[in-house]
Every structure is written in C-alpha cells, then in structure tokens.
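Undergrad: A predicted structure for the sequence below; I have some questions about it.
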Amino acid sequence: MGIIGWIILGLLAGAIAKFLLPGRDPGGFVGTTVIGVAGAFIGGWISARWLDHPVSNQFYDGATWAAAIGGSLVLLILYRILFGDSRAK
C-alpha cells in the first residue's frame, strides 16, 4: 500500500475516530481528518515497531485498520486534552 493508500486510510480512520469520540474538536472536521492521517501513520509505525505486528500491504487488512484507528483515537484524545479549552464555548 502506497502513500496515497495510507492517506485515504487515514482520512477514513479520522472519520471513524470522530464517530467514536463525538463532541467538539478545536480543529473541526478538517483538523480531525488531518489527525486521522497522522494517526494512521503513527499507529502503523507503533504496530510494526513495538507490537511486532507489521502492517500489511493490503488495504482491507483488519490489523492495519485497527492500528490506523487506534493511532487516530490516541492523537484525537491528546489533541482534545492539549487544545480543547482554547476555543470559546
């Protein structure tokens, strides 16, 4: 799976992470999808590096999706913790 595949996977993972963690985000939809792309890369790297489960080259591999969504969730939570109160409510 190439860089375009990871970007598409990241966009979808960001949307899924947003669905799993509803609420206001400081960056809105665009910020959430960018976090999804970064989360897909980070989740895949963590999975390959420390969990000894390299991501597959297949777009439809469940472990690849789990790593991407997990990375997106972690980054979204951290983003909300760090920047969640900076926006007027």
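TA: Yep, it's here.

Undergrad: Low-confidence bits of this protein, can you list those?
TA: 1, 25-27, 53-59, 85-89 (pLDDT under 70).

Undergrad: before we move on, which element is the most centrally placed residue in it in?
TA: Centroid check for the chain by C-alpha atoms, centre = their mean gives Ser72 as the closest residue, at 2.1 Å. Taking DSSP states H and E as the criterion, Ser72 maps to helix 62-83.

Undergrad: which other helices and strands contact that helix?
TA: helix 3-20, helix 28-49 (3 or more C-beta pairs under 8 Å, 6 or more residues apart in numbering; DSSP states H and E). C-betas here are computed from N, CA, C, even on glycine.

Undergrad: how about these in a markdown table, adding mean neighbour count and distance to Leu78?
TA: Shown next, in a markdown table, are those (neighbours: other C-beta atoms under 10 Å; distance: least, C-beta to C-beta, whole Å):
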| stretch | mean neighbour count | distance to Leu78 |
| --- | --- | --- |
| helix 3-20 | 18 | 12 |
| helix 28-49 | 19 | 9 |
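
Undergrad: wouldn't Gly43 be in contact with Gly71 here?
TA: Yes. Counting by C-beta atoms under 8 Å, Gly43 touches Gly71, with 2.4 Å between them.

Undergrad: what touches both of these two?
TA: Overlap of the contact sets of Gly43 and Gly71 (by C-beta atoms under 8 Å, 6 or more residues apart in numbering) consists of Ala13.

Undergrad: if we can go back for a sec, thought the residue nearest to the centre of the chain was touching Ala17?
TA: Yes. Taking contacts as C-beta under 8 Å, Ser72 lies within contact range of Ala17: 3.9 Å.

Undergrad: Determine the residues that are contacts of both of the two.
TA: Shared contacts of Ser72 and Ala17, defined by C-beta under 8 Å, 6+ apart, comprise 35-36, 39.
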